[in-house]
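Chemist: Only the shape, not the letters, is given here:
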């Protein structure tokens with residue numbers, strides 16, 4: 001067998017190109033290239049990652065993309081076209097760009113940097129038959145997606161494609177059909193509280209810190225965000241408070257909701273509002289705390305400082321807030337934390353604050369920007385432990401969310417920066433959270449549990465620390481404790497990443513609470529993208545098999561196979577770090593019984 005034969009496989013191939021590229025370049029090269037770059041960076045790259053694909057190469061005016069799943073390939077192409085339509089309609093100052101897509105399921109040959117074969121050629125030929133803003137697919141694709149995509153492709157007839165021996169039956173979806181559902185773009189995050197799962201908040205004062213207003217009249221928005229987030233990171237360490245996760249706050253950016261509206265939507269007792277005004281090296285910070293039950297401001301303070309004092313000021317503000325709420329405050333002025341916490345140089349402070357702002361926006365591009373800014377902090381002050389932890393967390397996101405093709409390489413960087421965070425006394429516990437994840441990934445359960453305990457001691461109100469504890473307890477055979485930690489994590493976060501629901505659903509399954517597990521797993525399937533759906537679908541498949549609902553189990557198994565045509569039960573089970581072999585055996589038997597490939 002030759003090397004090329006060994007690299008032959010069946011794949012879903014997507015070919016996309018820019019309509020009228022030559023004419024656009026002739027009219028305005030720079031503007032055209034800028035818009036195409038924006039579409040690739042902000043739209044195509046994230047959506048391909050979310051749907052489990054990979055961009056094989058770009059060709060100036062086109063993209064060659066490969067997927068393991070035909071359904072995900074088609075859904076991703078539709079989402080890209082939706083996003084481009086939305087971009088064109090929202091920003092009239094930019095040059096309109098339209099894309100065409102061709103999709104085929106076929107045999108390919110992979111070399112080091114490219115893929116070849118009739119599958120690629122047919123996708124390219126189909127793309128040329130697509131209308132601007134539309135998609136053209138082969139019958140091989142249509143047979144697989146029929147009934148699984150919420151769009152109706154119209155039969156286009158048999159096409160005699162150049163250099164292809166046999167006619168290819170094609171189907172098309174035009175831009176009008178896509179535009180009709182322009183408002184149906186799926187959410188990545190959601191507020192989840194089904195009646196069967198009680199995730200109500202603990203009996204502690206609950207607080208949401210709203211986006212701070214920038215009154216400087218310049219580009220200090222990132223600094224305003226960073227100050228809010230450093231205050232959040234101080235308050236989150238106090239066991240007497242219940243902090244609403246920063247991800248939930250973003251829905252209120254640019255709005256001015258009443259305290260009553262926030263109380264009803266988020267079920268929080270206290271709202272912290274703030275503003276900053278920066279002039280030269282002087283900064284004014286205004287803080288207000290509102291009691292939503294009384295609809296009354298109970299604290300209003302103004303702080304005028306030199307911006308270099310911003311990190312000592314956060315403790316002063318936190319102290320005033322906790323004193324007002326009657327919660328004991330533990331400052332961060334002990335000797336072990338001083339070096340690891342304090343950032344002295346003005347340039348480093350600004351990079352840190354703006355980096356935090358990018359980090360919590362949560363997109364792939366912002367994640368990369370945050371890492372770059374945090375690295376600039378270390379270039380100036382290399383002993384700040386908390387910054388090593390945050391850089392490690394950016395690499396963890398890359399690996400966890402599929403933002404990198406080499407997951408293991410990202411986890412190597414996670415370990416490097418997590419160890420440096422712990423070595424430099426990271427006061428935020430991020431390094432311990434990351435080490436716990438890595439230990440669990442390597443099936444080092446005792447070490448994972450120890451790292452988790454340290455993280456929980458440092459960050460009792462942190463959704464990530466609670467989720468890590470949940471995952472570890474699940475895999476060491478304590479699903480009841482896992483469910484408790486996960487409920488706490490979700491109630492803290494309010495708006496949360498879907499992988500938390502994956503853990504909750506599988507922990508409920510292991511606990512024996514099958515019906516509730518089905519509720520959680522179905523919600524996880526709804527919120528997840530691409531191959532990230534598989535964990536929740538596996539849980540569903542096991543639950544249906546356990547209830548002897550074999551028709552449902554087999555249907556879920558078929559969905560798993562459609563998402564990943566190379567799915568293997570043995571490979572999947574091999575990656576689960578359970579200590580209990582009987583649990584692994586039960587999962588394995590359930591999946592095989594449902595018809596999945598060993």
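Modeler: That came through, no problem. Keep in mind that what you see is a predicted model, and the values were worked out from it rather than measured.

Chemist: contacting residues for residue 123?
Modeler: Residues counted as contacts of residue 123 (Cβ atoms under 8 Å, 6 or more residues apart in numbering) are 13, 14, 15, 102, 103, 104, 106. Any C-beta I mention is one placed from the backbone N, CA and C, and that applies to glycine too.

Chemist: my read is it is in a helix, agree?
Modeler: Yes. Counting by DSSP: H, G, I helix; E, B strand; the rest coil, residue 123 is located in a helix.

Chemist: and residue 474, how far is that from residue 502?
Modeler: Between residue 474 and residue 502 the distance is 11 Å, computed by Cβ to Cβ, to the nearest Å.

Chemist: Let me know the distance separating the closest residue to residue 563 other than its chain neighbours from residue 148.
Modeler: Counting by Cβ to Cβ, 6 or more residues apart in numbering, the nearest residue to residue 563 once its immediate chain neighbours are dropped is residue 69, at 4.3 Å. Here the criterion is Cβ to Cβ. By it, residue 69 lies 10 Å from residue 148.

Chemist: And residue 481, by the same measure?
Modeler: Computed as Cβ to Cβ, the residue 481 to residue 148 distance reads 37 Å.

Chemist: Same drill for these two, tell me which one is more crowded.
Modeler: For residue 481 versus residue 148, the count of surrounding residues by other Cβ atoms under 10 Å is larger for residue 481: 17 against 13.

Chemist: Please identify which helix or strand holds that one.
Modeler: For residue 481, the element it lies in under DSSP states H and E is helix 479-493.

Chemist: who's in contact with residue 24?
Modeler: 18, 32, 95, 97.

Chemist: re earlier: of the contacts of residue 123, which one scores lowest on pLDDT?
Modeler: Among the contacts of residue 123, residue 106 has the lowest pLDDT, at 89.

Chemist: hmm, back to that, hmm, the residue nearest to residue 563 is touching residue 12, no?
Modeler: Yes. Using Cβ atoms under 8 Å, residue 69 and residue 12 qualify as a contacting pair, with a distance of 6.4 Å.

Chemist: quick one: contacts for residue 113?
Modeler: The neighbourhood of residue 113, defined by Cβ under 8 Å, 6+ apart, consists of residue 57.

Chemist: Assign it to helix, strand or coil.
Modeler: coil.

Chemist: and it, backbone torsions?
Modeler: Taking degrees, to the nearest 10, you get phi -130, psi 10 for the backbone angles of residue 113.

Chemist: same thing with residue 301?
Modeler: Per degrees, to the nearest 10, the residue geometry at residue 301, taken as phi and psi, is phi -140, psi 150.

Chemist: Could you pull up the residues touching it?
Modeler: Residue 301 is in contact with 286, 287, 317, 320, counting by Cβ under 8 Å, 6+ apart.

Chemist: Could you list everything it pairs with in the sheet?
Modeler: Here residue 301 shows beta-bridge partners residue 287, assigned using DSSP bridges.

Chemist: can you tell me how far it sits from residue 284?
Modeler: From residue 301 to residue 284 the distance is 11 Å (Cβ to Cβ).

Chemist: Out of the contacts of residue 24, which sit inside helices?
Modeler: The members of the contacts of residue 24 that map onto helices under DSSP state H are residue 32.
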